Every structure is written in structure tokens, then in C-alpha cells.
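Novice: Let's see this in three dimensions:
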Amino acid sequence: MNIRKFDNIGETLYTDTLDNGLRVLYVRKPDFRMSYAVIAVKYGGAYRRFLVGDKWHDTPAGVAHFLEHKLFDMPDGSDALTALSENGASPNAFTSCGMTAYHFDCTESFEKNLKTLAGFVTTPYFTPDSVAKEQGIIAQEIGMFDDRPSFVVYNRLIRMLYAKHPIRDQVAGTVSSIAEITDKTLYDCYNAFYRPSNMVLCAAGSIEPERFFFLAHELLNSLPDGEIPQPDFGEMGVSAPLETYHEERMELSAPQFLIGCALDFPLSGKALQRRMIVGMLALRTLFGTSGDFYNRLYGEGLLNRDYDYEIDCTAGTATFMLGGESPDPKRVLKELCDALSEVKVKGLSPNAFERAKKASFGARLRGLEDFDNLCIALTESALSDYCSLDSFSLLSEITVGECEEFLIQNIDPDRLALSVLLPNEVTK
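Specialist: Numbers count the residues shown, from 1 in each chain. The predicted model follows:
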């Protein structure tokens, strides 16, 4: 068991790697009743084509998400989701483009719930009948996504920015793609990706670290490891968007929009971590809700409180996005481009930069009390070969010059795309 003390934030991270390669992380929270645990695998919706040995495999869209649903089914006919709930836990799971995670939180019976979590994640059981039943359930879920404005405006933007990368396809797939999934498909993909060295167990709670690592070894150390597939995401280079503007109509009360562009980021490690910190600090400085850009547009009625910005890094991609509600999304885009151009001439405000740095540190510090946020961040960073808790010390090193350089070199107005959803026209 390795121990890292982060004196600047008052946290201690305990880590270990099991004999089979599975990484284990633990943060002890002795003053909390809540405990949380997550098991994650580096396999998500974008992992459609992959190489095992000398054989390429092509799979339908939606397999990783389908696996997430079906792993809760146990060979004895029971359901792990129900078992966790009946034992006082609040369980859930999610699949992104680059990761699948299974997690729970509880205030008691942590060890029993951890055993259940480890048990169902490592016990695949699929039958033709259960797969056919799940196809209908997931088809309904896909339909609900298609009716969700925030999902539609995001999906359209991604399809504008990425010509061939599988990130452009929905994580859940389509009704036609999931119809191609069989029990053999699920077993093949599970056996390929659910390998210990491709997985992470992370937890936060009050039990002693030695006890937690004993449980981790007891529950997961005997799993056999194997070769990790090499995914093929297609063309990885950053290019101009396929479209710079796209609009659709839906049942809305106000127009929604997303502005974005693809970024050229390192794939993993400390270089990726630093670039993400610099990028998000640059965005907070220029576009944060305490800054001139947002407050001026808010005062003019062009933006409201439904507003956000981010850099999303997943499956070898990095994407800048800024959006919300606005009566005039094209005007917001123009104002954004003007703000970026002004950075080239005047740079960023030093006062705004220092304010953004303090706000970023505070937001990250508050996140340490949210076990979900803490453990998911640690898990994602472990799968990308860095430690999220290093962000605090790295943040103190970032200069205003780095943030200016990031904005100038990465967010090029000529590569921005605008996805817009407008309210349905009123028929008279």
C-alpha cells in the first residue's frame, strides 16, 4: 500500500496495484458516515473497433452501454441493483464515450455492498432472451434521449466537429444498432475489455485503509488478466468542422445553443492534466460568470443563468463547449469571437485571472466533500495515468501567460461551430 499525503488540502491517498494489475485507490474520511465505492473500466461508447492479438473486431454502436445494463443480472436470476438497494445502498452506473462505471454510496454495510459490487461486475451472465428483452428497454431510453434538448444540441455539435471519430455516435447507440447486439457480442466485448489491468476500484469512507485493501485483494486479486485491446478511433487530428452552423426546431420555451471546437490535447499523463487545468482556468477567466463577458451579455438579455462552459476530454478527443439559452445565439458567437480577438491584443485581465484561480481552487476544494465527485475524478485520472489530487498544486503554478497562450493557440474562431435549437414555429 502506497501512501501520498496532500498537505495543501489535508487529504491522504492510499493506492495499490493488485497482482493482476487492477489499480485500487482509497481516501479515508473518518468524520463522515457516508461511504462510496466505484469500479470502472476503460471501455466506453467510442470503443467500437479494436484489435485483440492480430484480429480486428468491429462492433455495433451501443455495446458498452448495453453491457452496463446487463451486468446487474446474476446467474441465479437475482438483480444486483435490487440487492444493493435492499442492503441500504444507493447504486447506479453510467457509460461515457471512454469509460463505464458502477458505483454505490451507503451509510452502513459498506463491506457487504462492496462484495456485491465486485461480484456482479466480475460475473457476466447474458442469454439470448435477456438480451432481446433489454433491446426493447434501451430502445425506449434512446427515444427519451432524442426528446431531450440538451442532448440533441450537444449531439449535433459533436457531429459537426468530428467527421469520423466514433464519439459522433450516441453512447447508447441507435434502435437499429442495438438490434445487432447478441449475447455473444456482449461476452466478446466483456472478455476483451473487463480485464483487471484495464480497471480501477476507488472508494472513500471511514474504514481503515488496511481493511479496505484486504477486502480489495480478497474480492478481486484472483481475477485473471490478459491482453488489453487496442482501440481504433479513426482519424485523430483536429480539423475544421464539417459545418459551422446547424439549427433544428424542437418543443422549447427558448432557443438553446452550444458553441464549440475540437482541441489538440495530449492523450494521457501529466501533460493532459496540466493542459486541462490551464484550459479550464483560461475559460473561467474569460467566460466565467463573475467576468465582463457573461455579465455584459446577461445585462443585455443575451444570456441567462442557464449557461455553462467546459472542456470535455474523452476517448482521445478534447472539445471546448460553451452554451445555454439565448434569444440570439449568433450574436453570442460574435461576442465570443470578439473576446478571443481582444485577448490577442490586450491579454487577459490580471485581476480576473487571480479571481478565477481562487474560485477554481475553492470549487475543487468543495468537491472533496462530495464522495461521488472525488472518487470519479480519481478514477478517471487513474485511467489516464495521472492523479486528480495533484491539480491543486498544479493550479498554483499556472500563469496568466499560459492561459493567454492556450486561448490564442487552441480556440480559433475559424474552427468554431454553432449548434442551435429553436422553438417550434407557432402555427396560426
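
Novice: continuing past the helix or strand hosting residue 216, what's the next helix or strand?
Specialist: Element membership for residue 216 (DSSP states H and E) is helix 209-220. Counting by DSSP H and E, the element after helix 209-220 in chain order, helix or strand, is strand 230-231.

Novice: Pull the distance from that following strand to the chain's centre.
Specialist: Taking the mean C-alpha point of strand 230-231 and that of its whole chain, the gap between them comes to 19 Å (Cα atoms, centre = their mean, to the nearest Å).

Novice: How about stretch 408-423?
Specialist: For stretch 408-423, the gap between its own C-alpha mean and the chain's C-alpha mean amounts to 21 Å (Cα atoms, centre = their mean).

Novice: which parts of it are buried?
Specialist: Neighbour-count burial for stretch 408-423, with 16 or more other Cβ atoms under 10 Å as criterion, is recorded at 410, 411, 415, 416, 417, 418, 419, 420, 421. Every residue, glycine included, has its C-beta placed from N, CA and C.

Novice: And the contacts of stretch 25-39?
Specialist: Stretch 25-39 is contacted from outside by 11-15, 101-107, 110, 113-114, 117-118, 121, 199-209, 212-213, 371-372, 374-376, 378-379, 382, using Cβ atoms under 8 Å, 6 or more residues apart in numbering.

Novice: Same question for stretch 101-108.
Specialist: Residues lying outside stretch 101-108 but in contact with it, judged by Cβ under 8 Å, 6+ apart, are 33-41, 68, 71, 84, 87-95, 113, 117, 120-121, 371-372, 375-376, 379.

Novice: Repeat that for stretch 374-385.
Specialist: So stretch 374-385 is contacted by 13, 23, 25, 27, 36-38, 40, 42, 98-99, 101, 103, 200, 202-204, 268-269, 272-273, 313, 367-368, 387-389 (Cβ under 8 Å, 6+ apart).

Novice: With stretch 247-262 instead?
Specialist: Looking at what lies outside stretch 247-262 - Cβ under 8 Å, 6+ apart - the contacts are 149-150, 152-154, 156-157, 161-162, 238-239, 241, 317-327, 329, 332-333, 336, 411-412, 415-425.

Novice: Just the buried ones out of those residues, please.
Specialist: Those of these that meet the buried threshold are 149, 152-154, 156-157, 161-162, 238, 241, 317-326, 329, 332-333, 336, 411, 415-421, by 16+ other Cβ under 10 Å.

Novice: Just the ones in helices from the residues you listed, please.
Specialist: When helices are assigned by DSSP state H, the members of the buried ones among the contacts of stretch 247-262 inside them are 149, 152, 153, 154, 156, 157, 161, 329, 332, 333, 336.

Novice: ok, then the element right after the host helix or strand of residue 356?
Specialist: Taking DSSP H and E as the criterion, residue 356 maps to helix 350-367. Beyond helix 350-367 on the C-terminal side, the first helix or strand identified by DSSP H and E is helix 371-383.

Novice: And for residue 118, the neighbour number?
Specialist: The burial metric for residue 118, expressed as a neighbour count using other Cβ atoms under 10 Å, is 20.

Novice: Counting by contacts, list what the strand or helix carrying it packs against.
Specialist: Counting by DSSP H and E, the element that carries residue 118 is helix 110-121. Counting by 3 or more Cβ pairs under 8 Å, 6 or more residues apart in numbering; DSSP states H and E, the packing neighbours recorded for helix 110-121 are strand 35-41, helix 80-86, strand 100-106, strand 199-205, helix 209-220.

Novice: okay, those, which one's buried deepest?
Specialist: By mean neighbour count, with neighbours taken as mean count of other Cβ atoms under 10 Å, strand 199-205 ranks first of the helices and strands packed on helix 110-121 at a mean of 27.

Novice: quick one: strands adjacent to that one?
Specialist: Partner strands and pairing direction for strand 199-205 (DSSP bridges) are strand 23-28 (parallel), strand 35-41 (antiparallel).

Novice: Now do the same for it: mean pLDDT, whole number.
Specialist: Strand 199-205 shows a mean pLDDT of 98.

Novice: CA atoms of it as CSV?
Specialist: The C-alpha trace of strand 199-205 is given here as CSV (Å, rounded to 0.1, in the frame of the first residue of the first chain):
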residue,chain,number,x,y,z
MET,A,199,-10.0,-1.4,-14.4
VAL,A,200,-9.9,0.7,-11.3
LEU,A,201,-11.5,0.4,-7.9
CYS,A,202,-11.8,3.6,-5.9
ALA,A,203,-13.5,4.3,-2.6
ALA,A,204,-13.9,6.9,0.1
GLY,A,205,-15.1,6.0,3.6
